[in-house]
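**Student:** Sequence plus the predicted model coming up.
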Amino acid sequence: MTTNPNPPEITYPCEVPIKAMGLMHDNFVAVIVEIVGRHVPRVNTGMVTTRTNGKYVSVTVNITAGSRAQLEAIYLDLKDCDQVLMTL
């Protein structure tokens, strides 16, 4: 398997799903929406989908990203959250 040293250039703005997974907690979805909302104006319930298996929950927030820096800032904040086990 080879790795492309020059990944394709992304044109912003673009639609991006931000996904975070963690243990099922009453406030997990609200925490993820709050974190993404720090970087994206007007996050609403229509942008958020969840999936759960009882123990774990996956939250996806579909955003319009304005820049790579914005995406990196979102993922850094999600990484710093103790409740988040994994991001995609």
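**Tutor:** It's in. Residues are numbered from 1 along each chain as shown.
**Student:** what residues are up against Asp77?
**Tutor:** Counting by CB atoms under 8 Å, 6 or more residues apart in numbering, Asp77 makes contact with Ile35, Arg38, His39. C-betas here are computed from N, CA, C, even on glycine.
**Student:** in what helix or strand does it lie?
**Tutor:** helix 68-80 (DSSP states H and E).
**Student:** Give me the next element, helix or strand, following that helix.
**Tutor:** strand 84-87.
**Student:** number of nearby residues for Val31?
**Tutor:** Val31 has 18 neighbours, counted by other CB atoms under 10 Å.
**Student:** Which helix or strand contains it?
**Tutor:** Counting by DSSP H and E, Val31 is part of helix 28-37.
**Student:** Would you mark the buried spots in that helix?
**Tutor:** Under the neighbour-count criterion of 16 or more other CB atoms under 10 Å, helix 28-37 has Phe28, Val29, Val31, Ile32, Val33, Ile35, Val36, Gly37 buried.
**Student:** any idea how far the nearest residue to the fourth one once chain neighbours are set aside is from Ala20?
**Tutor:** Leaving aside its chain neighbours, Ile32 sits nearest to Val59 (4.4 Å; criterion: CB to CB, 6 or more residues apart in numbering). Val59 is 5 Å from Ala20, where distance means CB to CB, to the nearest Å.
**Student:** just Gln83 next, same as before
**Tutor:** Counting by CB to CB, the gap from Gln83 to Ala20 is 9 Å.
**Student:** and what of Glu9?
**Tutor:** From Glu9 across to Ala20, the span is 26 Å (CB to CB).
**Student:** So for the two, which residue has more residues nearby?
**Tutor:** Neighbours per residue, other CB under 10 Å: of Glu9 and Ala20, the larger number sits with Ala20, 26 against 6.
**Student:** Checking the more buried one next. Helix, strand or coil?
**Tutor:** strand (DSSP: H, G, I helix; E, B strand; the rest coil).
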